[in-house]
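Peer 1: give me a model of this one.
(one chain, ligands or ions: 1)
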Amino acid sequence: MELILEEFQPIAAIATTIEGAKRLQFICQTGKATLWVPESLKIENSKIYKGSLKNHIAEIWQHYKSFIFSLAAGAVVRIIAPLLQNKSKDPAVVIIDETGKFAISICSGHQGGAEKLTRIIARKMGATPVLTGASAALNLPGIDILGIPFGWQRGRGDWKGVSAAVARGELVQVIQEDGSTLWQYHLPEKHPFYFQGIETSPPAAARIWISCKERFIKEYRIPEIQWHPRVLWVGVGCERGTSKKLIETAIEKVCRENQLAEKAIAGIATIDIKANEAGLVELCSERAWPLRTFSPDILRALKVPNPSTIVEAEVGTPSVAEAAAIAAATSHSQCPNPPIPTSNPLIVPKQIYRSEKQTGAATVAIARSEIEYTARSGKLLLVGTGPGDLEQMTPAAQSAIAAADAVIGYTLYIDLIAPLLRPGQIVESLPIKQERQRAQRAIALANWGLSVAVVSSGDAGIYGMAGLILEELKAQGWDGKTPAVQVFPGITAMQAAASRVGAPLMHDFCAISLSDLLTPWEVIEKRLTAAAMADFVTALYNPRSRNRTEQLVLAREIFLKYRHPDTPVAIVRSAYRKNEQIFLTTLEKFLEIPIDMFTTVLIGNHSTRTYAEWMITPRGYMGFDSANK
Ligand code: SAH
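Peer 2: Okay, the predicted model is just below:
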């Protein structure tokens, strides 16, 4: 259930020495990559290649999406050089040096994903990612991967020319006519993009079109590229038995005549009785287009420019192509903020196409959606960032942040993980107390196809976002699979606090949150009493806020009924953060110490003792007995 490497698989890992193989074990152990070693090495769970490595790599080159070598860079370059074709086809190639200090992106950094893979691997092994691409240095998303999170397709253009202009820091005009503009709001302060229209623009050195149209303005003679968000829904009606070829030609023709890019096609829409129409089904599977079908009732309700009484008599709706295109383009069940259509979505009314060479006839109409179809299956990565210091965050959690398209969390925690963020990531920090909105936003983005990391401090599953997200998914009728969910555990506040004072949690313990915002106070009181009675070492989370001061006083009174006033208590504020404060005191006196929402209170059990500024709870019942003698 490892989600974050999915997009790079299958992965081949290659080593020629025992040390090299050991370096790669961490990624191969759980079957995330296949480890290839020469015959002379005896390594568990590895595959053996015979003969020269060069020949072997040539043989397996086509079968893997990514290669991770633990080998000298020179050797890798010589091996792969004859195999490289171009950057839209080549696999990602990453090298890990034998000391494990560096992960180096060698080629296919952008489209092959090598830079992202390098960042993820580096985080997993605590190495430094070495990225030599110009956009990485400028903290910008590569222009050739800009649209990947949203499923945009790369169109024609001078990709090298535009990349070079970006690398030189020259002004690059962006004309976005379709698709999400979310990426524009998450650029670094200094970036070369200019977003105004063509008339008002100062002279630009290059231009990026983001449009469903084929868009080149030749007379300017500057490098131009185009991305095509998939916003076009092609409504198709056809006679039974119409060939795939005829439908395909009809769509090509209509697109060409209207300067629409076929790459901007989201999918095909039709009436439900055509769900198994062979030509349509074949075409959709070949082009990886979804085939969306609608009932005559839904289609009939839509207003179209060219209704037909003949069609109505046959299938129960006066329009198939036009109505289905509109229906598909305006139903946004998966969309984060369903837009209200501002203009008529139908941009090409129905056209009937026949061919002398093929049987049947196809009617084609095209509607444009306000939101693009991403064709991606979203993920929710529920990440515990630990108490604060990045060193206390697990490598797996760090790699999840590096892998995500979007990172969502409370402002303070986003600031703490800022060094882990990747250029081009959508980073949304929301103020505290908006947890539910944060959960809904994260789910909406994941439903739309993005990989979303939701960060909580400590552990996401302990008074964190994991529960909220899963609850909300359940409320939305989630099938348990889409979006996929993975939880990345973190060191929770009570463990962090405990580590600062010794071993207070050594025996049975519990955590109780004093916040009665979501839990009634009677329940909290009952749990406090039970914990105090049962002699659990107790960690109090959310002990006190500016407006909520009484609960801690009451909690102390409850514990004093069952425990000695001298019972050791640790007060740890902002553990592993800049203003960390640690106090060792007693149950009787702990209210004298300043306690706020950044503080965790640890109350010892009967046998907990302090010793030279340390708080120790004995290991077992023996300890308990001897302490009570
Ligand atoms: N998911 C978090 C807990 C969130 S509830 C976790 O697993 O740690 C928030 C409470 O956690 C705070 O009121 C405080 O009691 C505690 N807390 C969080 N971070 C802390 C830190 N660095 N030091 C001390 N207490 C902390």
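Peer 1: all helices of the stretch 501-629 of the chain, in order?
Peer 2: For the stretch 501-629 of the chain, the helices identified by DSSP state H, counting those that start in this stretch occupy 521-533, 550-562, 621-628, in order along the chain.
Peer 1: of those, which approaches the ligand most closely?
Peer 2: Distance to the ligand, taken as Cβ to the nearest ligand atom, is lowest for helix 550-562 among those, at 10.8 Å. The way it works is simple: take the backbone N, C-alpha and C, and place the C-beta from them, glycine included.
Peer 1: wait, residue 528 touches residue 553, no?
Peer 2: No. With contacts counted by Cβ atoms under 8 Å, residue 528 stays clear of residue 553, the gap being 11.9 Å.
Peer 1: picking up where we left off before, let's have the helices of the stretch 501-629 of the chain in TSV, adding mean neighbour count.
Peer 2: Output for the helices of the stretch 501-629 of the chain, formatted as TSV (neighbours: other Cβ atoms under 10 Å):
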stretch	mean neighbour count
helix 521-533	16
helix 550-562	16
helix 621-628	12
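Peer 1: helix, strand or coil for the closest residue to residue 157 other than its chain neighbours?
Peer 2: For residue 157, ignoring the flanking residues on the chain, the nearest one in space by Cβ to Cβ, 6 or more residues apart in numbering is residue 225 at 3.2 Å. When the structure is split into helix, strand and coil by DSSP: H, G, I helix; E, B strand; the rest coil, residue 225 lands in strand.
Peer 1: count the residues that sit near whatever residue of the chain ends up closest to the ligand.
Peer 2: Here the chain gets closest to the ligand at one residue, residue 458, 2.0 Å apart by Cβ to the nearest ligand atom. For residue 458, the tally of surrounding residues (other Cβ atoms under 10 Å) stands at 26.
Peer 1: now it: phi and psi?
Peer 2: Here is the backbone geometry of residue 458 (degrees, to the nearest 10): phi 60, psi -130.
Peer 1: in PDB, list the C-alpha atoms belonging to stretch 69-83.
Peer 2: The C-alpha coordinates for stretch 69-83 follow below in PDB (Å, rounded to 0.1, in the frame of the first residue of the first chain):
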ATOM      1  CA  PHE A  69      21.600   3.100 -10.000                       C
ATOM      2  CA  SER A  70      24.000   2.800  -7.200                       C
ATOM      3  CA  LEU A  71      27.000   3.200  -9.500                       C
ATOM      4  CA  ALA A  72      29.500   5.800 -10.600                       C
ATOM      5  CA  ALA A  73      27.800   8.600 -12.600                       C
ATOM      6  CA  GLY A  74      30.400   8.100 -15.400                       C
ATOM      7  CA  ALA A  75      29.500   4.400 -15.800                       C
ATOM      8  CA  VAL A  76      25.800   5.200 -15.800                       C
ATOM      9  CA  VAL A  77      26.200   7.800 -18.400                       C
ATOM     10  CA  ARG A  78      28.100   5.500 -20.700                       C
ATOM     11  CA  ILE A  79      25.500   2.700 -20.200                       C
ATOM     12  CA  ILE A  80      22.500   4.800 -20.900                       C
ATOM     13  CA  ALA A  81      23.800   7.100 -23.600                       C
ATOM     14  CA  PRO A  82      23.100   4.900 -26.600                       C
ATOM     15  CA  LEU A  83      19.600   4.200 -25.300                       C
END
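Peer 1: and that stretch, how far out from the chain middle?
Peer 2: A distance of 31 Å separates the centroid of the chain from that of stretch 69-83, by Cα atoms, centre = their mean, to the nearest Å.
Peer 1: skipping adjacent residues, who's closest to the residue of the chain closest to the ligand in space?
Peer 2: Counting by Cβ to Cβ, 6+ apart, residue 458 lies nearest to residue 492, which is 4.2 Å off, once chain neighbours are set aside.
Peer 1: residues contacting that neighbour?
Peer 2: By Cβ atoms under 8 Å, 6 or more residues apart in numbering, the residues touching residue 492 are 384, 458, 459, 462, 511.
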